[in-house]
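[1] this one's structure only:
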């Protein structure tokens, strides 16, 4: 089914429609009477529900779950404002009174947070740390907004529960804003709709502040207009041609690496306790609200960030350990590891815990012509295929490694099947897909065994296997000649 609007369509019609809707709704609300204002506001709250439903119904939004969750939040907001129609005109919005409407609005914002989490799931695959940092900074910056702009202007009608709810609501919006802004920075093709979502969060925060500033005196029109702009802004996001890119990026993002911004994180985390301490010294009652609520919201993000840093460190340590003992091209053990294992096996042989130690050395025949004729990429394909076949032919407990350019070694501790050289040689002689051609290589094998009671060191054991291997290689050359 063809998506509407098409992802290749221009975005300017959406921008023009958004600006016209904002001017029309704002002007109509400012000029209308009290009852008509309630109707205009209610109609505006229904606009994003309609645009979300249309974009979902036409298949424009591929990943439906985050948008459906956001739609549920819009429905809850619309119902809350319709049921408590005088909430905004009566100067109740943002006053932290702890009324049912406050709970409905906060629950709707939590649904937006859940929808944003679905967006983060895709974009956060390679930038989880950056998104966590952005959300954490948002939560921490909510403290100054609350302490300096909102809390000092709350009326006596504000309650401790309402203050906690309002502060948590501001922090949630700030966290979503920070995470979405981070996505917009990295997801270039989704910047249009993400910009609308970021603007929606920012305008909603501005409405929170304006609602408090105009609570004691002034008109409620600015708060209502800002809220309508927020509704129209989020309504434009699913209509943007690039909206599918928000939840379904067209290409995997490059993984972000680097040192975590510990200094900035530390300063951000210090903001709320510092403000709370200043308020406590001044005897401000809101100090009892800021620190516990801010900490409850910031601590989970900090724990997630610490866990992510721990996982990154563990992964880096595993990667370093793997590269220290494995060959990068074939994935087999490298020469250093194989030599170490031979020394350990000979030590076990000397103290009587092993009956015998066998070393099988293999060298490819005809490998250089493959490189010369088909290129090094084909040669690498041959080496990877040979390594995989040799590992499959070896028994459990055998140590298989690449010890040279086209030279491989198998270490066997104790007794095992005696047909390993034959099976390995037959597998290696099978055709290999080198990309643009099927090629064949031969193999020369040489083995050496040390038994209990036999005094032999590693160099001597490998030397015997090497001599046997070159003897077989010479025999192959005589046969070809």
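    That came through, no problem. Everything numeric in this text was worked out from a predicted model, so none of it was measured. Residues are numbered from 1 along each chain as shown.

[2] for the chain, longest helix please?
    Counting by DSSP state H, the longest helix found in the chain is helix 287-325.

[3] could you list the low-confidence segments of this protein?
    Within the chain, the segments meeting pLDDT under 70 span 1-8, 117, 119-126, 215-218, 248-269, 271-272, 275-276, 278-297, 476-481.

[4] rewinding a little: what's the longest helix of the chain packed up against?
    Contacts defined by 3 or more C-beta pairs under 8 Å, 6 or more residues apart in numbering; DSSP states H and E place helix 287-325 against helix 128-145, helix 160-186, helix 262-282, helix 335-350. Glycine gets a C-beta too; all of them are placed from N, C-alpha and C.

[5] off-centre distance for the last one?
    In terms of C-alpha atoms, centre = their mean, to the nearest Å, the centre of helix 335-350 is found 42 Å from the chain centre.

[6] give me the contact list for that helix.
    For helix 335-350, contacts defined as C-beta atoms under 8 Å, 6 or more residues apart in numbering pick out 324-326, 333, 354-357, 359, 399, 401-404, 409, 411, 413, 450-452, 454, 456-458, 461-462.

[7] repeat that with 10 Å
    Under the contact criterion C-beta atoms under 10 Å, 6 or more residues apart in numbering, helix 335-350 has outside partners 324-327, 332-333, 353-359, 399-404, 407-414, 450-462.

[8] so which bits of that helix are buried?
    Of the residues in helix 335-350, 337, 338, 339, 341, 342, 345, 346, 348, 349 count as buried by neighbour count, 16 or more other C-beta atoms under 10 Å.

[9] elements contacting the one helix or strand residue 102 maps to?
    Residue 102 is part of helix 100-123 when elements are defined by DSSP states H and E. On a contact count with 3 or more C-beta pairs under 10 Å, 6 or more residues apart in numbering; DSSP states H and E, helix 100-123 meets helix 64-83, helix 128-145, helix 160-186, helix 191-213, helix 244-247.

[10] residue 355: neighbour count?
    The burial count assigned to residue 355 is 12, neighbours taken as other C-beta atoms under 10 Å.

[11] hang on, it packs against residue 451?
    Yes. Under the criterion of C-beta atoms under 10 Å, residue 355 makes contact with residue 451 at 6.8 Å.

[12] residue 86 falls within a strand, correct?
    No. Counting by DSSP: H, G, I helix; E, B strand; the rest coil, residue 86 is not part of a strand but coil.

[13] tell me the spacing between it and residue 35.
    Using C-beta to C-beta, to the nearest Å, we find residue 86 at a distance of 11 Å from residue 35.

[14] ok, residue 63 next?
    Using C-beta to C-beta, we find residue 63 at a distance of 41 Å from residue 35.

[15] which one of these two has more residues nearby?
    Per other C-beta under 10 Å, whichever of residue 63 and residue 35 has more neighbours is residue 63, with 15 against 9.
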